[in-house]
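Colleague: Sequence and predicted structure below; questions after.
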Amino acid sequence: MENVAIFDSPGKGRGLKATKEFWAGDVIFAEPSVAAVVFDSLLERICHSCFRQQDKLQRCGQCKAAHYCDRTCQRAGWAEHKQECGAIKAYGKTPNENIRLAARIMWRLDKEGSIMSDMQLITVDELEDHISDMQEDDLKDLKVDIHNFLDYWPRTSKQHNIDNISHIFGVINCNGFTVSDQRGLQAVGVGLFLNLCLVNHNCWPNCTVILNHGKIELRSLGKIEEGEELTVAYVDFLNLSEERQRQLKTQYFFDCTCEHCKSHIKDDLKLGGVAEVDGVKPTEEQVKEATDYCFQMLEKMESARLKGDYHQVVKICKECIERTEPVLADTHIYQLRMWSTLSEVQAYLQFFTDAADYSRKMVEGYMKLYPPNNAALGMASMRAGVSHWQAGEIEIGHGMVCRAYAILMVTHGPTHPITKDLEAMRMQTEMELRMFKQNEYVYHSMREAALKNKPMAMMHEPRSVDEGIKNLFHRRK
C-alpha cells in the first residue's frame, strides 16, 4: 500500500509510519470492512447494509432479523447476509453482535482466504487476540459466546477448531471498530478493518478515523513528516489520564506511555477550580466537595434521562450548576458533562436560548482541552452553532458554524454527509447574517414570520455520552 509502511514501534510492537509527507485533512488510506454488523440494541432501527437510520425499514422475509432501507440495500447486502440468513433461521433467534460478526468474518475467510485485497497489510491470523491477558469474568463471557457460536454455526459450513474460533472473538474484542450511521452522529454497529488494526494509540494523536460512504478513512490532523508514526486515540482525551490508562489496559491490554499520560497533562484543568478573582479562590476542599456533589448529580441526571423524564433532567442539572459553577473551572469534566446534557435537553424541549448559553460554555471548555482539529470539538461547535441560530443569535451562531466547518473539513473531509450539511448551514447563516447587519428589525420580523409558518422541528431525543462516537474502537459490554 502506498503512503504507509509497517515498522517496529518502540515499546508498542508493530505500527504504521508515513512514507511521505501529509498535511491536515489528507486521506492517508481508505479501507472497507472485512465484515460489520449492527448493534443488538438497534437491529430494527438501522439498515443492515448501509447503516442508515430510518423510521421504516423492510425486514428480511426469511430470517426476520435483518432490516433494510429498500430492495436496493437488501440486494447490496445479500452477499454478506446469505449464509447468515439461513443460520439465523435454523438457530431460531438472532445471536448477539459478537457472534454475528465472528460468523461473517469466518464465512468471508472461508470463501476468499486470508488475503482479501491487494491493499491488505496484515491477515486476521496475524492480529493479536490477547486471550491470555483477559480477566476471569471476560474469559467466562468468551466461553459463553463460543458455546453459542458453535450452536449457531451451520453444519453445512466449513468447521473450525476452538482455537481458531477463540482467536476471532479475541480479535473482535480488542480490534472491533465502532461503525457510525451515515451522518456520523451515532455509533450503530461494530466492524473489523484490518489495516486500521496496525495504527497504534496516542492520547494526542496525529490522525483520526471516520466512516465515509462505507469505508473508514485515516485522515491527517496536521503536518506529518515522512517516517513519522501514525497514531489515533482509542479513547476520549476528555477522560483523566488515570481513567484513560485504566480503559486502555482493560480493553487493549497495554500501558500508554505517551507524554500526556506520563506527565498528566491537563488533568489539573479537568478537575480544577475557578481562577482567582479579586484575590479570592476556592480552596482544595471546596473544589473536592463540589466535584463529589457534581458526580452524584450526574448519576441522578443519567437515571432521569434513561426514564425519558427530561424536565427532571433540567431540574437536576440546573440545581447542580447553580451550586458548582462558582467553584469549578469551565474545563472541569463533570461540569462540561452537565452543560453538554443540559444544552442538548433544552434544545430538545425547544428552550433554545438556554441551550445556546450552555452549548457555548461547553465549546469554550472543550477548546482549552482538546487539540484544535478534534472531531468531538467540531461536532460540539456545530451543535452550539445550531442552538444559537435557533435562539436567533445569528452572529455567534454563524461563527460557531464556521469553526465547526473548518474542523470537520479536516476530520471528516468535504464529501462526508455531515460536512455537506454543515456547508449548507454555513451558507444559510452567512446569508442571514448579511441580512441582520443590513437591518436587524427586518431580519427578526422575517425570522418570526418564517417560524410561524414553519415551526422548529423537534430535535432528536438526547443520548448518553457513551452512545456518541467519542471512542473509536468498540468496547465489549
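Modeller: Received the coordinates, thanks.

Colleague: is it true that Gln335 touches Thr324?
Modeller: Yes. Counting by Cβ atoms under 8 Å, Gln335 does reach Thr324; the two are 6.1 Å apart. Placement of C-beta: from N, CA and C, glycine included.

Colleague: more crowded one of those two?
Modeller: Just comparing Gln335 and Thr324: by other Cβ atoms under 10 Å the higher neighbour count belongs to Gln335, 25 against 22.

Colleague: distance of that one from Leu298?
Modeller: In this view, Gln335 and Leu298 are 10 Å apart by Cβ to Cβ, to the nearest Å.

Colleague: is it true that Leu218 lies in a helix?
Modeller: No. Applying DSSP: H, G, I helix; E, B strand; the rest coil, one finds Leu218 to be strand, outside a helix.

Colleague: how about the helices in the stretch 301-450 of the chain?
Modeller: 310-324, 333-348, 352-369, 375-390, 394-411, 417-438, 440-453 (DSSP state H, counting those that start in this stretch).

Colleague: want to try JSON lines for the ones you listed, with distance to Gly25 and mean pLDDT as columns?
Modeller: Below are the helices of the stretch 301-450 of the chain laid out as JSON lines (distance: least, Cβ to Cβ, whole Å; pLDDT from 0 to 100):
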{"stretch": "helix 310-324", "distance to Gly25": "36", "mean pLDDT": "96"}
{"stretch": "helix 333-348", "distance to Gly25": "26", "mean pLDDT": "95"}
{"stretch": "helix 352-369", "distance to Gly25": "19", "mean pLDDT": "97"}
{"stretch": "helix 375-390", "distance to Gly25": "12", "mean pLDDT": "95"}
{"stretch": "helix 394-411", "distance to Gly25": "4", "mean pLDDT": "96"}
{"stretch": "helix 417-438", "distance to Gly25": "11", "mean pLDDT": "93"}
{"stretch": "helix 440-453", "distance to Gly25": "34", "mean pLDDT": "79"}
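
Colleague: Relative to Asp110, which of the ones you listed is closest?
Modeller: When the helices of the stretch 301-450 of the chain are compared by Cβ to Cβ, helix 417-438 sits nearest Asp110, at 34.1 Å.

Colleague: What is the closest one packed up against?
Modeller: Counting contacts by 3 or more Cβ pairs under 8 Å, 6 or more residues apart in numbering; DSSP states H and E, helix 417-438 packs against helix 375-390, helix 394-411, helix 440-453.

Colleague: Repeat the analysis, applying 7 Å as the threshold.
Modeller: helix 394-411, helix 440-453 (3 or more Cβ pairs under 7 Å, 6 or more residues apart in numbering; DSSP states H and E).

Colleague: Deepest in the core, which of those helices is it.
Modeller: With neighbours defined as mean count of other Cβ atoms under 10 Å, the helices and strands packed on helix 417-438 peak in mean count at helix 394-411, which reaches a mean of 21.

Colleague: other SSEs contacting that helix?
Modeller: Helix 394-411 packs on helix 375-390, helix 417-438, going by 3+ Cβ pairs under 7 Å, 6+ apart.

Colleague: Need the helices and strands packed on helix 417-438 in CSV (columns: distance to Asp421).
Modeller: Formatted as CSV, the helices and strands packed on helix 417-438 follow (distance: least, Cβ to Cβ, whole Å):
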stretch, distance to Asp421
helix 394-411, 10
helix 440-453, 20
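
Colleague: So which of the ones you listed is nearest Ile216?
Modeller: helix 394-411 (12.9 Å).

Colleague: Go through the helices of the stretch 301-450 of the chain and name the closest to Phe7.
Modeller: Comparing the helices of the stretch 301-450 of the chain under Cβ to Cβ, the one sitting nearest is helix 394-411, at 25.4 Å.

Colleague: residue ranges of the strands in this protein, please?
Modeller: 4-9, 13-18, 27-32, 35-38, 58-59, 67-68, 177-180, 187-192, 200-201, 207-212, 215-220, 231-232 (DSSP state E).

Colleague: ranking those by mean pLDDT, which is last?
Modeller: When these are compared by mean pLDDT, strand 177-180 comes last with a mean of 88.

Colleague: Remind me what that one packs against, helices and strands.
Modeller: Right, strand 177-180 is packed against strand 187-192 by 3+ Cβ pairs under 7 Å, 6+ apart.

Colleague: what's in contact with stretch 34-52?
Modeller: 53-54, 57, 65-69, 73-74, 76-77, 80-81, 94, 96-97, 100-101, 104-105, 108, 116, 179, 181-182, 188-192, 194 (Cβ atoms under 7 Å, 6 or more residues apart in numbering).
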